[in-house]
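[1] Predicted model and sequence follow; I will ask about them next.
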Amino acid sequence: MAVTILLRALDGATLARVAEISGQNVYKCMQCGTCSSVCPMSDSMTITPRQAMLLLQHGHVEPVADSETPWLCASCTTCEVRCPRGIEVPRVMEAIRQLKLRENVDKVNPRAIPVEDLSAMPQIALGAGFRKLTS
């Protein structure tokens, strides 16, 4: 699946915030693609984890933040366990989600979920989802 990404100006300050929040150095990534190959969600992502790391290495935070990738990351740590450089990719994705949420940009609107769906969903899943997807 080919993805066309319009790259904006480099955003060093935002990349520094991602590094500060995640505690990870995206420049350690050697682009081996292991993270994308073991990710159970990569088929649904618009930008694979490897592509996200490449964009971040070049200072392009917004295309990653505006994609579905950080929101679809299940934080299962499969990529982290298999990464030859020990990069904790889920922490990077969490940092990007946090930056968007700090702008008060909710990924899901709890009020838009139909009541019949809410009553059928496990409460613990709703709580976890709202913590991840709302500011």
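    Ah, there it is.
[2] so what are the domain limits for this structure?
    12-103, 109-135 (automatic domain parsing).
[3] just the helices in this structure please.
    12-22, 34-38, 49-57, 61-65, 69-72, 78-82, 89-102, 115-120, 123-133 (DSSP state H).
[4] Identify whichever of those lies nearest to residue 109.
    helix 123-133 (9.4 Å; CB to CB). Glycine gets a C-beta too; all of them are placed from N, C-alpha and C.
[5] That closest one: which residues count as buried?
    132-133 (16 or more other CB atoms under 10 Å).
[6] about what we covered before: closest to residue 28 out of the helices of the chain?
    Nearest to residue 28, of the helices of the chain and by CB to CB, is helix 49-57 at 9.3 Å.
[7] which residues touch that closest one?
    3, 5, 7, 15, 18, 26-27, 29, 31-33, 35-36, 39, 42, 47, 61, 63-64, 67, 69-70, 73, 79, 87, 89, 92-93 (CB atoms under 8 Å, 6 or more residues apart in numbering).
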